[in-house]
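*Asks:* Sequence and predicted model, in that order:
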Amino acid sequence: MKLNYKRTLLVGFAFFLIQVFWQAYDNIIPKILTDKFGLSQFLSGIIMAFDNILAVFMLPIFGALSDRHMGKRGRRTPFILIGTIAAAVLFVGMSAADEMQRSDITDIVSVTEPQSSAERDTALRTLYRFDGENNGDLSAVYGSEEMFIESMNEENPELSHLTKARQSYAWAKTLETPIPLVVFIALLLGVLIAMSIFRSPAVALMPDVTPKPLRSKGNAIINLMGTAGGVLVLILGILFGTGKPENILMNYTSFFGTVAFIMLAALLVFMLSVKEPQWAAEAQEAESRNTISADTSFASTEKLTKGEFRSLCFLLASVALWYMGYNAVTSKYSVYAGEVLGLDFNFTLIIAQAAAIVSYIPVGIVSSKIGRKKTILAGVILLGLSFGAAAFMKAGSNIWVMNTLFALAGIGWATINVNSYPMVVELAKAGNVGKFTGYYYTASMSAQIITPVLSGACLTWVGMRTLFPYAAGFVALAFATMLFVRHGDALPMKKKDLLENLDVDD
């Protein structure tokens, strides 16, 4: 039994477009909320948790609905079609709401995007006077308007006071005219509902069209496609300058439009090439002819044994905990990089994604020798150590040290990601893979409801530098719970070639 790589890559376009969206969403939405609307990291974290709150309820529902749906295009494809089109359209709409807010804060846009030094000075005077009337922090630190302007025009100014004043000004404008924020959040909820419609069906499609013994290999290919989508968006971010400090109040319309176009282009490739009903039937036939999975009890019983159920609970707890740490970084690093490190976040994240891509085959080789559980534990250690070391980085630190740490984090996350989802769906019968996919996402999304709020509270009231210690702590807890997983891992079959090492069979 061999994996059909071409089919798996084509199925992977659904996951590709999902990751295109989430990479753009996680990088840019927190910046819009804090930089243009002036929300605190805490309030921003609450809004960033919306997608996960919706996902906890909607992903299992739509996963189960797609399990039961029988149509000409298959069980999953109609959900993917409708959800992607709706999400792409609404995402572009969010950029329009963002531009509404940008027009309300034009008085200070010239601080970051000046046409002339005189315009920048005028914008700085506006901020200084506003802050003096409300907070008084700038006058307390700089003494006079002219001293503040002179300090901000130095080669390496202290930007923390300017950032706080700019966000306070933006928040005052938001309170004065809240309509742009209301429209933005309404569109945000719409796009999140659209994404929830098809996320579980899209992820469940790979197990549908792939026999059980080959699902880990298939998951590696799917993750490669998703990572490629994330890298593409980060490259776009560099081209559009989304991570440059001088573009912190930029117009995102072109960027959002390009992301939506890529999503729709990937959808077109998917719709023209993927024949879900035929491929799913062929996969079931192949699986019925080959009973080579070592853990056949998972496929042969309606209910899990107590031991298997306990392992599933600990596995889902581990998923929740490492997402608590990982999502805190992915949802806040674009802000952290600019305010604490003075870096363009796009390049550092590209390094992490590229490291993940090149690590999949080596991860498969290791998994084939020691099994999924031990490989995941190694990945958790690597991720935790990388986050722990990143906590010591500051503005002026060697950029290649941070890039190296993110490369190691990317390898660690790939090691975890390739192996964890297949362990969950191995517990499913052929007819309820969507439901078990929903369980996996319920665990990860439940964590991501809490972590943007909790990490945002830490960043707001304790300090921005709490981000990486927070992340490292939760990853360490995930290591502890993963130790109690006892089922779903068995000695793999001998691999015949290098590509076969993408397969980490149970």
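*Replies:* Everything's here; your move. Remember, predicted model here, so these are calculated numbers, not experimental data.
*Asks:* Stretch 344-359 - what's its average pLDDT?
*Replies:* The average pLDDT within stretch 344-359 is 86.
*Asks:* swap that for stretch 426-435, please
*Replies:* The average pLDDT for stretch 426-435 rounds to 65.
*Asks:* Between the two ends of that stretch, what distance do you get?
*Replies:* End-to-end distance for stretch 426-435: 12 Å, by Cα to Cα, to the nearest Å.
*Asks:* nearest residue to R465 other than its sequence neighbours?
*Replies:* V340 (6.4 Å; Cβ to Cβ, 6 or more residues apart in numbering). C-beta coordinates here come from the backbone N, C-alpha and C atoms, glycine included.
*Asks:* residues in contact with the helix or strand where R166 lies?
*Replies:* Element membership of R166 [criterion: DSSP states H and E] is helix 160-176. By Cβ atoms under 8 Å, 6 or more residues apart in numbering, the residues outside helix 160-176 that reach it are 34-39, 101, 104-105, 107-108, 111, 126-128, 130-131, 134-135, 137-138, 141-142, 152, 180-181, 339.
*Asks:* cool, stretch 120-140 as well?
*Replies:* Outside stretch 120-140, the residues within contact range by Cβ under 8 Å, 6+ apart are 107-111, 114, 142, 145, 148-149, 152-153, 161-162, 164-166, 168-169, 172.
*Asks:* can you check stretch 345-352 too?
*Replies:* Here stretch 345-352 makes contact (Cβ under 8 Å, 6+ apart) with 27, 230-231, 234-235, 237-238, 242-243, 333-334, 337-338, 399, 402-403, 406-407, 409-410, 413.
*Asks:* any chance you could map the helices in the stretch 251-400 of the chain?
*Replies:* Counting by DSSP state H, counting those that start in this stretch, the stretch 251-400 of the chain has helices at residues 253-273, 276-289, 297-300, 306-336, 345-370, 372-390, 399-425.
*Asks:* ok, now the stretch 401-506 of the chain?
*Replies:* 433-461, 467-482.
*Asks:* quick one, which of the ones you listed is packed in tightest?
*Replies:* helix 433-461 (a mean of 23; mean count of other Cβ atoms under 10 Å).
*Asks:* that older thread, would you mind writing the ChimeraX command to select the buried ones in the contacts of stretch 120-140?
*Replies:* Remark: buried members of the contacts of stretch 120-140, expressed as a ChimeraX selection using 16 or more other Cβ atoms under 10 Å:
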select :108,109,110,111,114,142,145,148,149,152,161,162,164,165,166,168,169
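*Asks:* returning to what we had before: and I376, which of the helices of the stretch 401-506 of the chain is closest to it?
*Replies:* Among the helices of the stretch 401-506 of the chain, the nearest to I376 by Cβ to Cβ is helix 467-482 (6.1 Å).
*Asks:* tilt between that closest one and helix 399-425?
*Replies:* Between helix 467-482 and helix 399-425, the angle comes out at 30 degrees (axes from the mean of the first three to the mean of the last three Cα atoms, to 10 degrees).
*Asks:* tell me the angle helix 467-482 makes with helix 433-461.
*Replies:* Angle between the axes of helix 467-482 and helix 433-461 is 140 degrees (criterion: the same axes, to 10 degrees).
*Asks:* mind saving the C-alpha coords of helix 467-482 as PDB?
*Replies:* Provided in PDB are the C-alpha atoms of helix 467-482 (Å, rounded to 0.1, in the frame of the first residue of the first chain):
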ATOM      1  CA  LEU A 467       5.300  36.600  26.300                       C
ATOM      2  CA  PHE A 468       8.000  34.000  26.000                       C
ATOM      3  CA  PRO A 469       8.200  32.800  29.600                       C
ATOM      4  CA  TYR A 470       4.400  32.400  29.500                       C
ATOM      5  CA  ALA A 471       4.700  30.300  26.300                       C
ATOM      6  CA  ALA A 472       7.600  28.200  27.600                       C
ATOM      7  CA  GLY A 473       5.700  27.400  30.800                       C
ATOM      8  CA  PHE A 474       2.600  25.900  29.100                       C
ATOM      9  CA  VAL A 475       4.800  23.900  26.700                       C
ATOM     10  CA  ALA A 476       6.500  22.400  29.700                       C
ATOM     11  CA  LEU A 477       3.100  21.400  31.100                       C
ATOM     12  CA  ALA A 478       2.200  19.700  27.800                       C
ATOM     13  CA  PHE A 479       5.400  17.500  28.200                       C
ATOM     14  CA  ALA A 480       4.100  16.300  31.500                       C
ATOM     15  CA  THR A 481       0.600  15.300  30.300                       C
ATOM     16  CA  MET A 482       2.000  13.700  27.100                       C
END
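*Asks:* Look at L491 and report its pLDDT.
*Replies:* For L491, pLDDT reads 46.
*Asks:* nope, E99 is what I meant
*Replies:* pLDDT recorded at E99 is 94.
*Asks:* List the residues that contact it.
*Replies:* For E99, the contact set (Cβ under 8 Å, 6+ apart) comprises N251, Y252, T253.
*Asks:* can you rerun that using 6 Å?
*Replies:* Counting by Cβ atoms under 6 Å, 6 or more residues apart in numbering, E99 touches no other residue.
*Asks:* The one 10 residues further on too?
*Replies:* The neighbourhood of V109, defined by Cβ under 6 Å, 6+ apart, consists of L249.
*Asks:* and it, what helix or strand is that in?
*Replies:* V109 is part of helix 106-112, with elements assigned from DSSP H and E.
*Asks:* just to revisit the earlier point, is the residue nearest to R465 in contact with M464, as I believe?
*Replies:* Yes. Between V340 and M464 there is a contact at 5.1 Å, judged by Cβ atoms under 6 Å.
*Asks:* what about the residue nearest to R465, how many neighbours?
*Replies:* Close neighbours of V340, defined as other Cβ atoms under 10 Å, add up to 19.
*Asks:* And it, how far from T112?
*Replies:* Per Cβ to Cβ, to the nearest Å, V340 is found 18 Å from T112.
*Asks:* what do you get for D104?
*Replies:* Distance from D104 to T112, counting by Cβ to Cβ: 16 Å.
*Asks:* again, but for I29
*Replies:* 19 Å.
*Asks:* Between these two, which is the more surrounded one?
*Replies:* Higher neighbour count among I29 and T112: I29, with 22 against 18, using other Cβ under 10 Å.
*Asks:* quick one, phi/psi of the closest residue in space to that one that isn't next to it in sequence?
*Replies:* Nearest residue to I29 in three dimensions, chain neighbours excluded: M48, at 6.8 Å (Cβ to Cβ, 6+ apart). Taking degrees, to the nearest 10, you get phi -70, psi -20 for the backbone angles of M48.
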